[in-house]
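A.B. asks: Curious how this folds, go ahead:
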Amino acid sequence: MLGVVKWFDAKKGFGFVRPLLADGELGPDHLVHYGSINMQGFKVITTGQRVSFEPKATERGLTAVNVKPLHTPPTITRAERLEALAGDPMFAQRAQQ
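C.D. replies: Model (predicted):
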């Protein structure tokens, strides 16, 4: 499945990705842990970066496993980034300041 990184905190080792749906919309948040990132060296993904991943439902919610950063530069627009962050209480609080 293809998706877009909503945010990822390298210090904390986790973040969220949202799947790209067939209609071009973004799907629900999927938790991604650094251990689920499939790459060599320091495992980090950046906001807006496109990735492939396998969705997995757990008792704690939706997670992303086998996350692979795509080798192209981020191509998400500012509007897409704002849409990906919409509904995130931390983002809304920062935007009001």
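A.B. asks: what's the neighbour count on A86?
C.D. replies: 12 (other C-beta atoms under 10 Å). Where you see a C-beta, it was placed from the backbone N, CA and C, and this is true even at glycine.
A.B. asks: My error: substitute V5 in the last question.
C.D. replies: 26.
A.B. asks: do the one 3 residues further on as well
C.D. replies: Around F8 there are 22 other residues, counting by other C-beta under 10 Å.
A.B. asks: Equivalent analysis for H30, please.
C.D. replies: Neighbours around H30, by other C-beta under 10 Å: 25.
A.B. asks: In contact with L20: list those residues for me.
C.D. replies: Applying C-beta atoms under 8 Å, 6 or more residues apart in numbering, one finds that L20 lies in contact with M1, L2, G3, V4, L26, G27, R50.
A.B. asks: From A57, how far out is A10?
C.D. replies: To A57, A10 is 26 Å away according to C-beta to C-beta, to the nearest Å.
A.B. asks: Just flag the most distant two among the contacts of L20.
C.D. replies: Across the contacts of L20, no pair lies farther apart than G27 and R50, at 13.9 Å, counting by C-beta to C-beta.
A.B. asks: out of the two, which sits in the more crowded spot?
C.D. replies: R50 (19 against 15).
A.B. asks: Now that F14 has come up, it's in contact with L31, right?
C.D. replies: Yes. The criterion here is C-beta atoms under 8 Å, and F14 meets it with L31 at 6.4 Å.
A.B. asks: Now for G27 and R50: what residues contact both?
C.D. replies: What both G27 and R50 touch, as defined by C-beta under 8 Å, 6+ apart, is the set G3, L20.
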